[in-house]
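Participant: fold the following.
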Amino acid sequence: MTAPRRSPRARPLTARQVDAVLRGTFGLRRLRPGQRAVIERVLRGEPTLAVMPTGSGKSLCYQLPALLMPGLTLVVSPLIALMKDQCESLRELGVEAVQLNSALGSAELQEAEAAIADGRAKIAMTTPERLQDAGFRELLHGREVSLVAVDEAHCISQWGHDFRPAFLEIAPQLAQLGRPVVLALTATAQEDVARDICSQLGIPPEGVVNTSAHRANLDLRVESMAGDADKLRRAVQLVRKLEGSGIVYCATIKAATAVHEALHAADEPAGIYHGKLPVAERSAQQEAFMEGRCRVMVATNAFGLGIDKADIRFVLHYQLPPTLESYYQEAGRAGRDGEPARCTLLFLRGDKAVQQFFMAGRYPTGEDADAIVAALREPAPDGDSWTLALLQGRLARPRNKLQVALGLLRKHGVVEADADGAIRLLKHKLKAEEVDALMDSYGKRRDLDREGLERMVFYAQTGQCRWRVLLEHLDGEAPFERCEHCDNCRRIAAHEKVVEHLAQESDDEEVAGESTVQLSRGDIVMVKRYGRGIVEQSTALEVTVAFADGTRRAFLPQYVAKYRARRGKAASTQADGRALPGRVLPALERSEG
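Facilitator: Residues are numbered from 1 along each chain as shown. Model prediction:
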């Protein structure tokens with residue numbers, strides 16, 4: 001193997017040079033918030049973690065520097081579908097970009113490898129699994145690698161909401177690539193996740209560029225459901241009512257199938273996407289949605305990373321997601337063009353149990369690690385070396401669990417794995433209590449998962465501004481008390497308007513006496529013993545009145561009088577929506593549509 005070329009320190013580049021490439025190649029006039037800070041750090045050769053919301057242009061943060069840096073830019077990503085789209089888009093712009101992944105045929109793969117070998121390719125996109133391949137690493141050693149961009153970088157952290165064991169192999173490869181500049185990118189990363197990413201990739205604390213997750217064009221809503229039948233009817237009603245393309249996310253394949261069938265029964269054609277569909281069918285469904293031939297996609301979270309469709313007008317969550325990070329990632333696929341989009345969660349408290357079930361089987365235990373160590377002490381079947389596939393066959397445990405356990409055992413020097421996937425036991429006299437100690441970190445991970453699910457339930461039930469709750473979790477703080485454009489903020493504003501109207505006259509009121517006038521919806525009235533209220537419904541036999549404390553009562557018409565008052569000192573109104581009753585004026589809530 002030839003010695004890797006050490007990537008030289010990036011050349012100092014002027015803002016004029018950056019802007020020239022921005023306009024000349026990408027046809028853009030200005031960079032978005034955060035993009036310039038990230039790009040300038042990369043071009044100075046400084047390792048960087050960019051935490052930027054979905055739709056904020058993270059890909060430009062490595063695509064533009066790639067054209068100004070001398071060598072190859074390697075993009076490591078789990079998003080095979082997105083690689084294809086990005087490569088095609090870059091080639092249309094005149095940028096030589098290639099992809100290397102399991103979805104390519106042999107001819108395409110050979111052409112991509114040739115473009116890397118002869119220096120034509122400026123950008124190469126691949127998966128973390130491909131990076132582990134000895135042949136691919138040998139190919140890269142023939143090129144100067146200036147930049148390694150790790151997309152969806154939260155996958156590298158065991159504390160992230162979408163941890164993928166294959167990402168653990170990225171950091172060990174950086175030295176073999178000549179220690180290029182590293183850029184990690186993700187839409188969400190809480191403090192512990194960001195710290196873990198930085199630790200693994202050698203990014204200093206000052207190398208984190210974190211822009212606000214707030215997206216003012218997204219209308220966040222939650223609707224509480226009484227039961228499964230009610231929820232299914234409402235999902236169909238919303239999909240039929242909402243215009244434009246949209247995604248309906250379900251936590252289980254069973255639920256996705258039920259929603260898909262209900263939409264078709266209602267003459268609302270929709271696609272379906274989940275992990276158990278054949279690869280060819282999944283690809284066909286995704287292409288139909290991306291090209292606009294399919295308006296609505298019903299899907300599990302298998303349909304998500306890499307869905308770079310700018311004009312999605314709504315995302316409907318049919319079941320509760322496991323965390324606010326997951327919810328933000330999925331809801332954030334709406335409105336990437338900056339136009340208004342609706343994000344609705346149908347909340348049924350029983351759906352929490354679905355996520356609790358998934359949580360129980362997600363992480364390895366000491367028993368799983370004990371079983372791996374015991375198996376590795378024995379000869380592999382047929383004299384072969386132990387591999388992940390052989391261990392899975394022997395132990396009958398989920399592949400992901402085994403990958404996570406092996407990654408942790410490898411990190412602590414208990415096992416090793418070579419480039420061909422052969423696994424060997426290094427410590428044969430490991431005690432059971434030592435293995436349990438290694439797995440303790442996953443106990444903390446399970447605790448964090450439970451906390452994350454409770455936070456998701458809180459979001460669904462809160463009467464506070466939904467964007468505020470989301471931003472305080474994702475960013476650590478929110479720049480406002482109320483966003484003024486989520487369902488709760490609209491509800492609070494409607495209530496305050498009524499209260500202000502009722503309170504703008506002094507308490508020195510005059511009551512007109514028994515009413516002989518036909519009352520209408522919206523009239524302000526006075527009822528003895530109950531005070532002032534607003535008419536919701538009026539007939540010859542009954543008047544329904546809503547009061548400021550959130551109650552609603554029906555009276556005989558003769559006991560309800562129109563309210564009259566003299567000008568006077570206005571009463572104060574409650575400005576903090578968090579203290580307002582949650583049941584105020586339900587008629588106004590229903591009128592939102």
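Participant: how about the helices in the stretch 151-300 of the chain?
Facilitator: 170-174, 191-201, 228-241, 253-265, 279-290 (DSSP state H, counting those that start in this stretch).
Participant: revised request: answer the last question for the stretch 301-450 of the chain.
Facilitator: 324-331, 352-360, 366-376, 388-395, 399-411, 432-438, 440-461.
Participant: model confidence over the last one, on average?
Facilitator: With pLDDT averaged residue by residue, helix 440-461 scores 85.
Participant: now the angle from the helix or strand following it to helix 324-331?
Facilitator: Counting by DSSP states H and E, the next helix or strand C-terminal to helix 440-461 is helix 466-474. When axes from the mean of the first three to the mean of the last three CA atoms, to 10 degrees is applied, the directions of helix 466-474 and helix 324-331 differ by 130 degrees.
Participant: who touches helix 466-474?
Facilitator: Contact with helix 466-474 is made by 188, 190, 212-214, 220-222, 324-325, 328, 455, 458-459, 462, 477-483, 485-489, as judged by CB atoms under 8 Å, 6 or more residues apart in numbering. From N, CA and C alone the C-beta is placed, and that goes for glycine too.
Participant: I'd like the average pLDDT over it.
Facilitator: Mean predicted confidence for helix 466-474 is 93.
Participant: with just CA atoms, put that helix into PDB.
Facilitator: Taking C-alpha atoms only, helix 466-474 is exported to PDB below (Å, rounded to 0.1, in the frame of the first residue of the first chain):
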ATOM      1  CA  ARG A 466     -44.800  24.400  20.500                       C
ATOM      2  CA  TRP A 467     -41.800  26.000  18.800                       C
ATOM      3  CA  ARG A 468     -40.600  27.300  22.200                       C
ATOM      4  CA  VAL A 469     -40.800  23.800  23.600                       C
ATOM      5  CA  LEU A 470     -39.000  22.400  20.600                       C
ATOM      6  CA  LEU A 471     -36.200  25.000  20.500                       C
ATOM      7  CA  GLU A 472     -35.600  24.900  24.300                       C
ATOM      8  CA  HIS A 473     -34.900  21.200  23.800                       C
ATOM      9  CA  LEU A 474     -32.900  21.400  20.600                       C
END
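Participant: what kind of secondary structure is Ala124 in?
Facilitator: Recorded secondary structure, Ala124: strand (DSSP: H, G, I helix; E, B strand; the rest coil).
Participant: can you map out the strands along the stretch 1-150 of the chain?
Facilitator: 48-51, 72-76, 97-100, 123-126, 145-150 (DSSP state E, counting those that start in this stretch).
Participant: could you identify which of those is most buried?
Facilitator: strand 48-51 (a mean of 27; mean count of other CB atoms under 10 Å).
Participant: any idea how far stretch 469-488 is from the chain center?
Facilitator: 16 Å (CA atoms, centre = their mean, to the nearest Å).
Participant: span of it from start to end?
Facilitator: 11 Å (CA to CA, to the nearest Å).
Participant: look up how far Pro78 lies from Asp133.
Facilitator: 16 Å (CB to CB, to the nearest Å).
Participant: do Ser385 as well
Facilitator: Taken as CB to CB, the span from Ser385 to Pro78 is 27 Å.
Participant: on that earlier part again, how about CSV for the helices of the stretch 151-300 of the chain, with distance to Leu109, mean pLDDT and mean neighbour count added?
Facilitator: Listed next are the helices of the stretch 151-300 of the chain as CSV, based on distance: least, CB to CB, whole Å; pLDDT from 0 to 100; neighbours: other CB atoms under 10 Å:
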stretch, distance to Leu109, mean pLDDT, mean neighbour count
helix 170-174, 20, 84, 17
helix 191-201, 27, 88, 19
helix 228-241, 40, 96, 16
helix 253-265, 32, 97, 17
helix 279-290, 17, 89, 16
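Participant: so where's the stretch 351-500 of the chain uncertain?
Facilitator: Low-confidence segments of the stretch 351-500 of the chain (pLDDT under 70): 419-420, 441-443.
Participant: also the stretch 1-150 of the chain?
Facilitator: 1-12, 81.
Participant: try 50
Facilitator: Low-confidence segments of the stretch 1-150 of the chain, defined by pLDDT under 50: 1-10.
Participant: one step back: what about Asp133 and Pro78, which has more around it?
Facilitator: Counted by other CB atoms under 10 Å, Asp133 and Pro78 do not tie: Pro78 has more neighbours, with 19 against 16.
Participant: tell me the contacts of that one?
Facilitator: Contacts of Pro78 (CB under 8 Å, 6+ apart): 127-128, 151-152, 155, 164, 166-167, 305.
Participant: my read: Arg120 touches Glu96, true?
Facilitator: Yes - with contact defined as CB atoms under 8 Å, Arg120 reaches Glu96; the gap is 5.2 Å.
Participant: report the inter-axis angle for the host helix or strand of His495 versus helix 466-474.
Facilitator: If you go by DSSP H and E, His495 is part of helix 487-503. Computed with the same axes, to 10 degrees, the direction of helix 487-503 lies at 130 degrees from that of helix 466-474.
Participant: in helix 487-503, what counts as buried?
Facilitator: If you call a residue buried by 16 or more other CB atoms under 10 Å, then helix 487-503 has these buried ones: 487-492, 494-496, 498-499, 502-503.
Participant: check stretch 177-195 too.
Facilitator: 177-178, 180-190, 193-195.
Participant: over to stretch 212-227?
Facilitator: Those would be 212-215, 218-223, 225, for stretch 212-227 by 16+ other CB under 10 Å.
Participant: show me the contact partners of that stretch.
Facilitator: 53, 55, 187-188, 231, 234, 328, 331-332, 334-335, 338-348, 459-461, 466-467, 470-471, 474-475, 478-479, 483, 485-487.
Participant: tabulate the helices of the stretch 151-300 of the chain (TSV), appending distance to Arg377.
Facilitator: What follows is the helices of the stretch 151-300 of the chain, written out as TSV (distance: least, CB to CB, whole Å):
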stretch	distance to Arg377
helix 170-174	25
helix 191-201	30
helix 228-241	49
helix 253-265	38
helix 279-290	37
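Participant: that older thread, redo the buried residues of helix 487-503 as a markdown table? Include distance to Glu108.
Facilitator: Shown next, in a markdown table, are those (distance: CB to CB, whole Å):
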| residue | distance to Glu108 |
| --- | --- |
| Asp487 | 47 |
| Asn488 | 50 |
| Cys489 | 50 |
| Arg490 | 51 |
| Arg491 | 53 |
| Ile492 | 55 |
| Ala494 | 57 |
| His495 | 60 |
| Glu496 | 60 |
| Val498 | 64 |
| Val499 | 65 |
| Leu502 | 70 |
| Ala503 | 70 |
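Participant: counting neighbours, what do you get for the spatially closest residue to Asp151 that is not a sequence neighbour?
Facilitator: The shortest distance from Asp151 to any non-neighbouring residue, by CB to CB, 6 or more residues apart in numbering, is to Ser77 (3.9 Å). Neighbour count for Ser77, taken as other CB under 10 Å: 24.
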